[in-house]
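>>> Structure for this input, please:
(3 chains)
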Amino acid sequence: MKKLLLIVLACLFALAPVFAEGARDAPAPAAAIDLKTASWDQIVAAAKAEGQVTFYSWYFPDYFKEASMDFEKLYGIKVNLVIGEQTANFNKAISEKGNAVGTIDAMIVGGQWVKTTMDLDLFWGPVKDIMPDADKLAPSLWVVQEGVMTKGYLTPFHRNQTGILYDPERVSNPPQTWEELTAWIDANPKKFGFNDPSKGGSGQSFVHTLIAYTTGGLKQYDGDSDLVQSKVANWNQAWDWVIARKDKLTFTVSNNDSITRLNDGELAMTVGWDDNVKDMMSKGNLFKRAKMYIPKMGLAGGGDTMGIPKNAPHKAAALLYIQHITSKEQQLKKFQMLGAYPARTDIAIEGTLLTEADRKNNAIAWFPAPYKSYMIAEFVKNVMMK
Amino acid sequence: MAITNPSVATLAVPLHVLQARRIRRFYIMLTVFFVVVQLVWIGTPILMAVLWSLVNPDYPWSFPNLFPTHLAPAPWIYVFKYTNIIRALKTSYSVAPFAVALSFLFSLPTAYVLGRKNIPGKKIFNLIVLLPIIMPGMVVALFLSRVFTALHLSQTFFGLVLAHTLMGLPYMIRVLTTSFQTIPQDVIDAAENLGAGTFVKIRDVFLPMVRPGLLAGMIFAFTTSIEEFNLTFVIGTPTFETIPTILYSFMGYNFIRTNAAVVALVMMTPNIIMLFIVERFLKSDYLSASLGKM
Amino acid sequence: MKDDSITPIHYVMLLPGVGFIILFLGSSIFLTVAQSFGLFSITGHSRFTLDNWKVIAAQESLDSVFFSLKMGILSSIGTVLFTFPVALFLRKGGAGKGFLGSLIKIPLFIPALVAAFLIVNLISYHGIVNELLMKLGLLKEPLRMLNDKFGWGVIVIQIWKNLPFVLLILMASLASVRDDTVDAARNLGAGTWQVLFKIYIPLTMPGILVSMILMFIKAFGDFPITSIAGPPYPSSIAFRMHATATLYQEWDQAAVLGVIIIGSALFVIWAYSRLADLVKGGE
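I've put the predicted structure just below:
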């Protein structure tokens, strides 16, 4: 018996050199053309010469798989699609930052990682002037994302919006103003929940609106590139609002956890991202009767973009892939498959979770990123700890 | 307490046999009780996962339904269509055996020294050996990955195997060390007195006596390899996708319970089958060891 | 019991294990420590400073460290306490014990993330546990068991997941306790408790120690289970380190927390070893 074990082990080990090399591709050819000044046709040709592109996302595996197959059919360029995890994707990009050649050609950028990666100067660009149809993509998202100035380095491909999500069987008069919401929470203890801002964007959005209503509006922060201490001196009023209602509020642990608890009946109302909600509904994780809206008091929205790391080996192919995802056909397809709001402004869509009127009138922009980071840290310190 | 009434003594069962039967029955009932407890303790979560994996997208499962109203294989179809789960399974299960084998080979000499010799600095070595699992995941992902890249081990199968070996070593070494510690010296002395050379000592004395610990270590090294994510994601993708890659994409930030349930079940099934196989090896070892037959 | 002659070959024998680890981890540990002092910073602005160390004084950091320590210590002690009797029970073969043994070991092969998700599912507000207790009339309103303030959810999941892990180690340890030893003690008149405390525990102490150490490390440094099932506040020290770097963009302070993680873990392990020595010494 032990003899057999030893022999098996020895054989296994002897096979290792067979796998030692692995599927490593030939090193990327140095870009023959200057992508920043070349014509789009030249870029397409260069992309075909590169032959492959590696793209990292952390959501929409179904859409991206279909989009990648379409891309391969159109251009004959192989797509290595990796659906990873938000933190893991960025850890990888950051750990490869110092390498001459990385392994990621293009990746989705969103959430607090926008600030992190822009601060670390991770991306190549600007790409705004290279992208055809750049003007047809959500103009505000080219400039500012999550309160961070992105200077045209990141291409918008997706827009999303936070809203109040509720169960119409248990909420008859969805609150529109801050006072109405406060009254509802006081009358229905523990039935409203949101996640602590350090755990997800929907919670960040709610606290963002909280600060708007308790500290004198968001206009005062416009244009600040650094935190101005005097402007946040009265933020304790926001924290006091939460602390006063701490046992009437439920804190969840992530964007999806809020939605799950609504589905589970623990909550009757919560804050969520429209794309998350649509996704979970279509996959049987949330009851279909759930309704969503942006209250008159406003909730923040934004979107996600795509960036090309500085050491991407196949930059032309990356540009072409990004253009492909942001093309009219693909944006329409994304919407039809997932109900996810396109970044393109020139296609007509119907059947969104949130009405166009809501989006136009009630969606608000984030305040600058330094305030956002400060808000998250202060919430933990002043509310969660107490 | 013997039965003193002679007329009954010839018909009744001797007391010690009765007592033995009672004890055996008690143990059997205890076993049955534990089995039931285990079936509930482990079976219920798994049953829930099975139900979630079969939720029909058109009929979401929400309160107040205790069970989903309509079942459909849709989540399974989705996972198999839109993820590379088969490829990930193949990769995970080809890396793991190599990682276990390497762990075993690297640990054996070290565990022997740490278990049986009073080498100076032993306490420090015992701590160093634990470092791979003490290191925070972020440090592993950001810094350890760079070492692999510098050694040109990124995006290679061998690199993945080495990475998984590294993460499994702490378990293997510490458990083997403990096993080596408990080998009675007289057995080794006897072997030496009989003129056994080093190889014979290893094969016929050490290996059999550490077998329970060795098997435990191998199981840990195996499961560590199957579950390893942080390092694997950075140096393995996009060339290699492993099961945790797919698992985390459905369970992390973007948590969709129906798909997560499918991935969880797909991951668990080969493991559980293997478990029952391995259990056959383990059972015979414990029995013979405890009866002093080794 | 130990042969004390040490030859150079013994140092060579340490190379594949200890050497391999130092080779790969050395630079990571060096970088973490260096970054905690502001050198080799990821952000590119490196300068030697002690400022980053102030982050330890922050209440959130202290709370996270103590919370993770609490989780580590309670999980390791709890699991060993639960598992030891099971190991003793399974030690002797018997009807159905093989099947029971396999059943118990299933969680070992279920990844931590999956384990957390499975159990959280059960204890959710309208999950099966609550519904059953309500149907039995023991509850009028569902219990809010998710993300409890103390961290019992995390501990339960850790015990569920790791019981087989500790069981394997303890059974391997118990296998080395010869029946003749136990029989001899019994013949000398030792009662059950004495056999337990004077024979089983001291002889299996290396196994107990190893399983407590390994379990402590897992529970102390855990990220996924605590993110899913842990209290809203405080977060695990691993999460805090991650948030410090990626949410607040304070990479060097995160390095400090990394050093704290490594240091505290090493300290507790050392403490466990001393404790084990004391118990053994007292016999």
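
>>> now B:Leu176: how far from chain A?
B:Leu176 sits 15 Å away from chain A, taking Cβ to the nearest Cβ, to the nearest Å as the criterion. In short, each C-beta sits where N, CA and C put it, glycine included.

>>> For that residue, grab phi and psi.
Reported as degrees, to the nearest 10, the phi and psi values for B:Leu176 are phi -60, psi -40.

>>> what do you get for A:Asn188?
Phi and psi for A:Asn188, reported as degrees, to the nearest 10, are phi -130, psi 70.

>>> Tell me where the stretch 151-294 of chain B is predicted with low confidence.
Across the stretch 151-294 of chain B, the ranges flagged by pLDDT under 70 are B:253-254, B:281-294.

>>> try 90
Along the stretch 151-294 of chain B, the model assigns pLDDT under 90 to residues B:178-216, B:219, B:223, B:237, B:243-294.

>>> which stretches of it form helices?
In the stretch 151-294 of chain B, helices defined by DSSP state H, counting those that start in this stretch lie at B:157-181, B:185-193, B:198-200, B:207-209, B:211-227, B:230-236, B:243-251, B:257-290, listed in chain order.

>>> And the stretch 1-150 of chain C, by the same measure?
Under the criterion DSSP H, counting those that start in this stretch, helices of the stretch 1-150 of chain C are mapped to C:8-14, C:20-36, C:59-91, C:97-105, C:112-122, C:128-135.

>>> can you list the ones you listed in JSON lines and add mean neighbour count, mean pLDDT and distance to chain B?
Compiled in JSON lines, the helices of the stretch 1-150 of chain C are given as follows (neighbours: other Cβ atoms under 10 Å in any protein chain shown; pLDDT from 0 to 100; distance: least, Cβ to the nearest Cβ, whole Å):
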{"stretch": "helix C:8-14", "mean neighbour count": "15", "mean pLDDT": "82", "distance to chain B": "4"}
{"stretch": "helix C:20-36", "mean neighbour count": "19", "mean pLDDT": "90", "distance to chain B": "4"}
{"stretch": "helix C:59-91", "mean neighbour count": "20", "mean pLDDT": "91", "distance to chain B": "6"}
{"stretch": "helix C:97-105", "mean neighbour count": "20", "mean pLDDT": "76", "distance to chain B": "4"}
{"stretch": "helix C:112-122", "mean neighbour count": "24", "mean pLDDT": "82", "distance to chain B": "4"}
{"stretch": "helix C:128-135", "mean neighbour count": "16", "mean pLDDT": "86", "distance to chain B": "6"}
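
>>> where does residue 123 fall, phi/psi-wise?
This is for chain A. On the backbone of A:Phe123 - angles per degrees, to the nearest 10 - the values are phi -100, psi 160.

>>> ah, no, chain C please
The phi/psi pair for C:Ile123 (degrees, to the nearest 10) reads phi -100, psi 10.

>>> now swap in A:Leu137 and tell me
Residue torsions, per degrees, to the nearest 10, at A:Leu137 are phi -100, psi 140.

>>> Number of residues surrounding it?
When neighbours are defined as other Cβ atoms under 10 Å in any protein chain shown, A:Leu137 has 23 of them.

>>> Quick check, it in contact with A:Ser327.
No - with contact defined as Cβ atoms under 8 Å, A:Leu137 does not count as touching A:Ser327 (10.5 Å).

>>> Just the helices from the stretch 1-150 of chain A, written as ranges.
Counting by DSSP H, counting those that start in this stretch, one finds helices in the stretch 1-150 of chain A at the ranges A:2-19, A:40-50, A:61-75, A:86-95, A:113-119, A:139-143.

>>> And C:Thr204, which helix or strand is it part of?
Following DSSP states H and E, one finds C:Thr204 within helix C:201-220.

>>> Quick one: mean pLDDT for that helix?
If you average the pLDDT over helix C:201-220, you get 91.

>>> and the most centrally placed residue in chain A, what does it touch?
Note on chain A: the residue nearest the mean C-alpha position is A:Gly110, at 3.7 Å, using Cα atoms, centre = their mean. With contacts taken as Cβ atoms under 8 Å, 6 or more residues apart in numbering or on different chains, A:Gly110 has the following neighbours: A:86, A:145-146, A:303-305.

>>> list the contacts for the residue in the stretch 1-150 of chain B that chain C sits nearest to?
Of the residues in the stretch 1-150 of chain B, the one nearest chain C is B:Thr110, at a distance of 2.8 Å by Cβ to the nearest Cβ. With contacts taken as Cβ under 8 Å, 6+ apart, B:Thr110 has the following neighbours: B:129, B:173, B:177, C:13-18.

>>> just checking, it is part of a helix?
Yes - using DSSP: H, G, I helix; E, B strand; the rest coil, the secondary structure at B:Thr110 is a helix.

>>> Tell me, how many residues neighbour the spatially closest residue to it that is not a sequence neighbour?
Nearest non-adjacent residue to B:Thr110, counting by Cβ to Cβ, 6 or more residues apart in numbering or on different chains: C:Gly17, 2.8 Å away. The burial count assigned to C:Gly17 is 29, neighbours taken as other Cβ under 10 Å.

>>> And C:Gly17, how close does it get to A:Asp275?
49 Å (Cβ to Cβ, to the nearest Å).

>>> what do you get for C:Val114?
Taking Cβ to Cβ as the measure, C:Val114 and A:Asp275 are separated by 25 Å.

>>> Same check on B:Tyr248?
If you measure B:Tyr248 against A:Asp275 using Cβ to Cβ, the figure is 19 Å.

>>> the more surrounded of those two?
Neighbour comparison, B:Tyr248 and A:Asp275: the larger count goes to B:Tyr248, with 26 against 21 (by other Cβ under 10 Å).

>>> List the residues that contact the more buried one.
Contact analysis of B:Tyr248 by Cβ under 8 Å, 6+ apart lists A:84-85, A:88, B:229, B:233, C:113.

>>> C:Asn147 and C:Ser227 touch, don't they?
No - counting by Cβ under 8 Å, C:Asn147 stays clear of C:Ser227, with 10.2 Å between them.

>>> Now do the shared contacts for these two.
Both C:Asn147 and C:Ser227 are contacted by A:Val253, under the criterion Cβ under 8 Å, 6+ apart.

>>> residues contacting the closest residue to chain B within chain A?
Among all residues of chain A, A:Gly265 sits closest to chain B, at 3.1 Å; criterion: Cβ to the nearest Cβ. Remark: with contacts taken as Cβ under 8 Å, 6+ apart, A:Gly265 is in contact with B:62-64, C:125-126.

>>> Tell me who's in contact with the residue nearest to C:Ser235 when sequence neighbours are not counted.
In space, C:Ser235 comes closest to C:Ser64 once its chain neighbours are excluded; the distance is 5.7 Å by Cβ to Cβ, 6+ apart. Residues near C:Ser64 by Cβ under 8 Å, 6+ apart: C:234-237, C:239-240.

>>> before we move on, what about A:Leu81?
Applying Cβ under 8 Å, 6+ apart to A:Leu81 gives the contacts A:55, A:57, A:64-65, A:68.
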